[in-house]
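Q: Sequence unavailable; structure follows:
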């Protein structure tokens, strides 16, 4: 049996990271943004049936960018994790932090042990209740996890979007749903350099004012009304 | 929790069965029927397919259905609980009412509720009314070994079928077979008494108000003749509970509305009309 060529660990990790980044860069972007009543999520997604944003639990939502088959598997695993925890303990014990940790562990393990890393970026959002703040977690392909405030972006042009939002999202003055949607739209349009029709967007909210399950999708019609 | 287990299914029940069987209400082995060590005679398992205690019922009405149940839990000749809840909302379009052993009943209600929500989130769409009724049947079938240990769980399922635009009522037997009822049904130890009342007064296309009134009357009559069924408790202010399953979703009937109905009913009985 021929001996495998020696590749240094540094080189190997660098190659994997480059590979994953290339895969993610091909995908479109997703923004999550806090507004007065909760968290708004907007994805540049021309498909009306293949979702990038999804409900996970009462106050938790998931979105994935990159390779569809990979983040779809992660989405399903997250829902199983949440439903199992809620069934075992109580509905209020299901938290975005624990879910984000599970994603971080999974992505980190796959990145270091598997030949091919996952070409995905994950966003986990939780709307805060009873005076608690909202939570936004961004998890990268290598399992690194970032706790965001105000807004978060994932996908191909996420860095450009973050630069765009940094100057325009005022932390001290939380935007209304209409303002947050307008700002998210402007950010997405700034990186695609074209006007995005509502039919090509996937929009959902985690609305604190709803009882029980807070997740709700906004139809293009509703989105138009929100902006009007 | 390390790596996520990778299963392809969309059923939370199957997921638990494969990965966490300890959490299932129904994972106990089939009971031994042989006598051990030659002491005594071999005891056959006692099969009691009828739940002890409880009356729960459902009635179809214009634009949906009413589902209702009494509040009493019994232990032999003792009352174990006066305000137990037997009618459960499962999702925006369906509810179940359960008769049987309290523990496994509550567990099955919780499991079925998680099952429906799990499917909806994974698939991005709700199960059909018929699909939910069938799934519940499979869960009751899985409970069969427990029935031989005396732990019966028997529900009535009521769902709003959005395709047909009507409320639908399903009853089950202990093997999990489901049977659709066209008008109304009641189960539990007082089920027969409640059915007798409903047979006399039921008409097609009742208004929701009339259907609710009939449901409460049937529960009242069942409580009069059955020790396992609790009637309205005016002293403590405990009343049967009811839900309306309509096109816009499920509505809990407020306690005050139920109380008013019973005050009127008792007043008319006292007058003797």
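A: Arrived safely. These numbers were taken from a predicted model, which means no experiment stands behind them.

Q: Would you list the strands that the longest strand belonging to chain B pairs with, along with their directions?
A: Longest strand of chain B, by residue count under DSSP state E: strand B:153-161. Strands that pair with strand B:153-161, judged by DSSP bridges, come out as strand B:94-100 (antiparallel), strand B:166-172 (antiparallel).

Q: By proximity to chain B, which residue of chain A wins?
A: Closest approach between chain A and chain B, counting by Cβ to the nearest Cβ: residue A:77, at 3.5 Å. The way it works is simple: take the backbone N, C-alpha and C, and place the C-beta from them, glycine included.

Q: Run a quick neighbour tally on that residue.
A: 20 (other Cβ atoms under 10 Å in any protein chain shown).

Q: Would you check how far apart it and residue A:143 are?
A: Using Cβ to Cβ, to the nearest Å, residue A:77 is found at 14 Å from residue A:143.

Q: quick one on the thing from earlier: need the winner for burial among the strands paired with strand B:153-161.
A: Neighbour counts (mean count of other Cβ atoms under 10 Å in any protein chain shown) averaged over each of these peak at strand B:94-100, with a mean of 28.

Q: Report the angle between the helix or strand just after that strand and strand B:94-100.
A: Sequence-wise, the next helix or strand downstream of strand B:94-100 (DSSP states H and E) is helix B:102-123. With axes from the mean of the first three to the mean of the last three Cα atoms, to 10 degrees applied, the angle from helix B:102-123 to strand B:94-100 works out at 160 degrees.

Q: can helix B:102-123 be found next to chain A?
A: Yes - for helix B:102-123, a contact with chain A is found by Cβ under 8 Å from any Cβ of the partner chain, at B:110-111, B:114, B:117-118, B:121-122.

Q: Please apply the same query to stretch B:240-252.
A: No - figure legend: stretch B:240-252 not in contact with chain A (Cβ under 8 Å from any Cβ); closest approach 11.3 Å.

Q: quick one: terminal-to-terminal distance for that stretch?
A: For stretch B:240-252, the first-to-last residue distance is 12 Å (Cα to Cα, to the nearest Å).

Q: Can you pull out the low-pLDDT segments for chain A?
A: For chain A, applying pLDDT under 70 flags the ranges A:1.

Q: Spell out the residue ranges of the helices in it.
A: A:9-25, A:68-88, A:96-113, A:158-168, A:177-192, A:220-227 (DSSP state H).

Q: report the angle between the axes of the fifth one and helix A:220-227?
A: If I follow you right, that is helix A:177-192. Using the same axes, to 10 degrees: helix A:177-192 against helix A:220-227 is 110 degrees.

Q: and what of the third one?
A: Computed with the same axes, to 10 degrees, the direction of helix A:96-113 lies at 120 degrees from that of helix A:220-227.

Q: hmm, who's touching helix A:96-113?
A: Contacts made with helix A:96-113 from outside it, assessed by Cβ atoms under 8 Å, 6 or more residues apart in numbering or on different chains, are listed as A:13, A:16, A:20, A:56, A:59-60, A:74, A:77-78, A:81-82, A:85, A:117-118, A:120, A:122, A:124-126, A:135, A:137, A:139-145, B:1-4.

Q: same question, the first one
A: Around helix A:9-25, the neighbours that count as contacts under Cβ under 8 Å, 6+ apart are A:65-67, A:111-112, A:116-121, A:141-142, A:155-156.

Q: What remains of those residues if I keep only buried residues?
A: With burial judged by 16 or more other Cβ atoms under 10 Å in any protein chain shown, the buried subset of the contacts of helix A:9-25 is A:65-67, A:111, A:117-121, A:141-142, A:155-156.

Q: For residue 94, give me its contacts.
A: I went with chain A, as the question did not name one. When contacts are counted by Cβ under 8 Å, 6+ apart, residue A:94 touches A:57-58, A:60, A:82, A:85-86.

Q: you looked at the wrong chain, it should be chain B
A: Residue B:94 makes contact with B:116, B:129, B:132, B:157-160, B:245, B:250, according to Cβ under 8 Å, 6+ apart.
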